[in-house]
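Visitor: predicted model and sequence follow; I will ask about them next.
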Amino acid sequence: GRPRAKDYDDMTQEFVAAAVAEYRARLCAQSPMPDHGQETALLAASWAKASQLTGVKLTRCPDLSKLITSRGSQVRGELKTKLRPLVEVMFSFHSSQSKTAIKKNRSLAEVLKEGTNFAFKASDDRRGFLKAPLIQKIINTMWFANKHDEGVVFPEHFKPFPYPTLALVLTAIECCIDEWAMGKRGDISFTTQEYCSVYEAYLKCLQDFDDATKDVGVLRAICNRIYEAGRYV
C-alpha cells in the first residue's frame, strides 16, 4: 500500500513530521501548483530544514519523498473542501431544483467570474480589489484557524501574505464558482491538471497589479493586512 508516517520508527516519524510541515508551508507560499522541478526543489529545501530541526540525517528515498510530496494534493483538496460551503453562503447560491433558482445560479456564476468580480469588495462598481470578505475568511480558516496552522507557525513564509498563496485562493474560489455554472452544484476536482493555467493567470494578474501600483505599494499593503488580520483570528 501507500507509505504512511506511522509505518516508520520514532526518529523517522519525527523527521517526516518536520519535513511535511515545512513542505506544506513552502508549497503554499512559493509554488502551490508545482511542476516536477518545483516539487523537487520544495522537497530538497524541506528535507534540509527537517534535518536541521531534528538533527536526524536521512538519505532521501522514494517512499519517504512520496509521503511528503503527496501533501500537495492534500492541501488543495483541503482548501476546496473548506471553501465550498463558504462560496455557497457568501455569494448566495441556492441549492434547489426550481427552474428559477437554477437560472439565478447560472447567471450569478457568470457575473462573479466576469473580470474576476468575485474578488472585489463591491462588485457592482468594482471597488476594493482583493477585499471581498470571502478572501480573508477562507485564508483565516485555512492558514490561521489555530496556533498549529502554517500562517501562525511559519511567519517567515507567510508574512506578508504571499502572492502565490493569494493566487491559489483566487483559483480555488473560481473552481467552486465553476461548480455552479450549470445552475446546480456539480463536483469539479481542484487539480493541477485542471487549474494550473488558471492559477498562473491569477499569479500574473497579481504581479502586473503590483508592478502598476508599485510606487504606492498597494498589493504589499493588502498582503500585510491579510497577514495581520489572519494572525489575530
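Guide: Ah, there it is. Residues are numbered from 1 along each chain as shown.
Visitor: where along the chain do the helices fall?
Guide: 10-30, 36-54, 62-69, 71-90, 99-113, 133-143, 150-153, 155-158, 163-178, 192-212, 218-231 (DSSP state H).
Visitor: buried ones in the fifth one, by neighbour count?
Guide: By neighbour count, and taking 16 or more other C-beta atoms under 10 Å as the criterion, the buried residues in helix 99-113 are 102, 104, 105, 108, 109, 112, 113. In short, each C-beta sits where N, CA and C put it, glycine included.
Visitor: now find how far off-centre that helix is within its chain.
Guide: Relative to its chain's centre, helix 99-113 lies at 25 Å (C-alpha atoms, centre = their mean, to the nearest Å).
Visitor: that helix packs against which elements?
Guide: With contacts defined as 3 or more C-beta pairs under 8 Å, 6 or more residues apart in numbering; DSSP states H and E, helix 99-113 has these neighbours: helix 163-178.
Visitor: restricting to C-alpha, output the helix it packs on in PDB.
Guide: Taking C-alpha atoms only, helix 163-178 is exported to PDB below (Å, rounded to 0.1, in the frame of the first residue of the first chain):
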ATOM      1  CA  TYR A 163       1.300  36.300  -3.800                       C
ATOM      2  CA  PRO A 164       1.300  32.600  -4.900                       C
ATOM      3  CA  THR A 165      -0.900  31.700  -1.900                       C
ATOM      4  CA  LEU A 166      -3.300  34.500  -2.800                       C
ATOM      5  CA  ALA A 167      -3.300  33.300  -6.400                       C
ATOM      6  CA  LEU A 168      -4.200  29.800  -5.200                       C
ATOM      7  CA  VAL A 169      -7.100  31.200  -3.200                       C
ATOM      8  CA  LEU A 170      -8.500  33.000  -6.200                       C
ATOM      9  CA  THR A 171      -8.100  29.900  -8.300                       C
ATOM     10  CA  ALA A 172      -9.900  27.800  -5.700                       C
ATOM     11  CA  ILE A 173     -12.800  30.300  -5.500                       C
ATOM     12  CA  GLU A 174     -13.100  30.200  -9.300                       C
ATOM     13  CA  CYS A 175     -13.200  26.300  -9.100                       C
ATOM     14  CA  CYS A 176     -16.000  26.500  -6.500                       C
ATOM     15  CA  ILE A 177     -17.900  29.000  -8.700                       C
ATOM     16  CA  ASP A 178     -17.400  26.800 -11.800                       C
END
